[in-house]
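Enquirer: how would this look folded up:
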Amino acid sequence: MKVARFYAPGDIRIEEAPEPAPAADQVKIRVHNTSTCGTDLKIYRHGHHHIDPPRVIGHEIAGEVVEVGSDVSGWAPGDRVQVIAAIPCGQCPDCERGWRTICPNQLSMGYHFDGGFAEYMIVPDEVLRVDGLNRIPDGLSYAEASVAEPLACVLNGQEFAQVGKGDVVVVTGAGPIGCLHVRLARARGAEAVYLVELNRGRLDMAANLVKPDAAICGSETDPIEEVLKLTGGRGADVIITAAAAGKAQEDALKMAARRGRISFFGGLPKDNPIIACDSNLVHYRELTIYGANGSSPDHNKQALELIASGAVPVDDLITHRLPLDGVLEAIDTVASGQAIKVTIEPAHA
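Expert: Below is the predicted model:
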């Protein structure tokens, strides 16, 4: 079978590999779609401390069960499934408290285990033990199901920041994550959602699809002034920084309404993670700053239902579909900012 393996920064190879066979406690799937994200680009450029190469990467996975290990029950060939990316241990104090997104023993598909840029892959026991293999609802395509993983992360961030009815929400960053944030905020009852992005072309492409109440180009206007103008000087109830930019986080503090909630959704580069925080704004305005780290198996299930119900459409966000041979082209397309969501379709190769 064909796979895309990461060997070193700048070195991903399309190779032939033996087709895997599941152990007694594993499930084998035929991969139909593995969507790409900014993390794949980071891995390609810089590697990752959790990846011991060579490794088949790709972690936004949907496929079809083709073989089930003898000790596994509840699954059969032909079942359509989505696979979680972040795998909690389910046993540590944090997992026992229900905080599975911050499990200190977390493993990940495409990092610790071979991922979805392959024609076939093994779903390990670690995924099955935490109920991380999810049935794809009827009527939902494999491509749409692969987007459940990033939507699950978005759902975790918005649940934590308590996005809800009547909120004015600002989303900074018009990539796939920002687009999902706009749609989920609407589904959760936000009164208005504003999208902020530095790149005019990317902003226009995203805004044309998700239609925010205002699209603010940060390279052409001051987003803080614009948000304050749009809100009559009050500021936004929730600001979600879906961009790896310290300035976006600093701006968020200045555009927040009293009692505003700020979600630092996008992490910053490890060599420059420090921002200037006006502590008095936090103190006197009673602001709350939330982190957001990945998703839990339950978030993945909820995300599939949100997509299947039509509450958060994703099909139109998939702007590029490429065969497995096109993984490097997909990563270049992500890097160019000319796509919203790029998906790889190994089963169609």
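
Enquirer: all contacts plus neighbour counts: C-alpha atoms, from now on.
Expert: OK.

Enquirer: Dead centre of this structure: give me the residue that sits there.
Expert: residue 150 (2.4 Å; C-alpha atoms, centre = their mean).

Enquirer: Checking it next. Helix, strand or coil?
Expert: At residue 150 the chain is in helix, as set by DSSP: H, G, I helix; E, B strand; the rest coil.

Enquirer: Now it: closest residue in space that isn't a chain neighbour?
Expert: What sits nearest to residue 150 in space, not counting adjacent residues and going by C-alpha to C-alpha, 6 or more residues apart in numbering, is residue 177, at 7.0 Å.

Enquirer: Residue 207 now?
Expert: The shortest distance from residue 207 to any non-neighbouring residue, by C-alpha to C-alpha, 6+ apart, is to residue 215 (6.5 Å).

Enquirer: Now do the contacts for that neighbour.
Expert: By C-alpha atoms under 8 Å, 6 or more residues apart in numbering, the contact set of residue 215 is 194-197, 203-204, 207.

Enquirer: any idea which element it lies in?
Expert: Counting by DSSP states H and E, the element that carries residue 215 is strand 214-217.

Enquirer: After that strand, which helix or strand is next? Please name it.
Expert: Trace forward from strand 214-217 with DSSP H and E and the next one is helix 223-230.

Enquirer: on contacts alone, who are the packing partners of that following helix?
Expert: Helix 223-230 is packed against strand 214-217, helix 246-254, with contacts defined by 3 or more C-alpha pairs under 8 Å, 6 or more residues apart in numbering; DSSP states H and E.

Enquirer: how distant is the helix or strand encompassing the residue nearest to residue 150 from the center of its chain?
Expert: Element membership for residue 177, per DSSP H and E: helix 176-187. Centroid separation between helix 176-187 and its chain, computed with C-alpha atoms, centre = their mean, to the nearest Å, is 11 Å.

Enquirer: Adding distance to residue 347, write the helices and strands packed on helix 223-230 out as CSV.
Expert: CSV is the format used below for the helices and strands packed on helix 223-230 (distance: least, C-alpha to C-alpha, whole Å):
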stretch, distance to residue 347
strand 214-217, 37
helix 246-254, 39
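
Enquirer: So for residue 172, which of those sits nearest?
Expert: helix 246-254 (6.9 Å; C-alpha to C-alpha).

Enquirer: mind checking how far that closest one is from the chain centre?
Expert: Centroid separation between helix 246-254 and its chain, computed with C-alpha atoms, centre = their mean, is 21 Å.

Enquirer: go on, stretch 154-174?
Expert: The answer for stretch 154-174 is 14 Å, by C-alpha atoms, centre = their mean.

Enquirer: how far does that stretch stretch from start to finish?
Expert: 13 Å (C-alpha to C-alpha, to the nearest Å).

Enquirer: Which pLDDT value goes with residue 348?
Expert: For residue 348, the pLDDT comes out at 57.

Enquirer: For stretch 285-293, give me every contacting residue.
Expert: Outside of stretch 285-293, the residues within contact range by C-alpha under 8 Å, 6+ apart are 101-102, 153, 156-157, 160-161, 256-266, 281-282.

Enquirer: I'm done for today, thanks for sticking with me.
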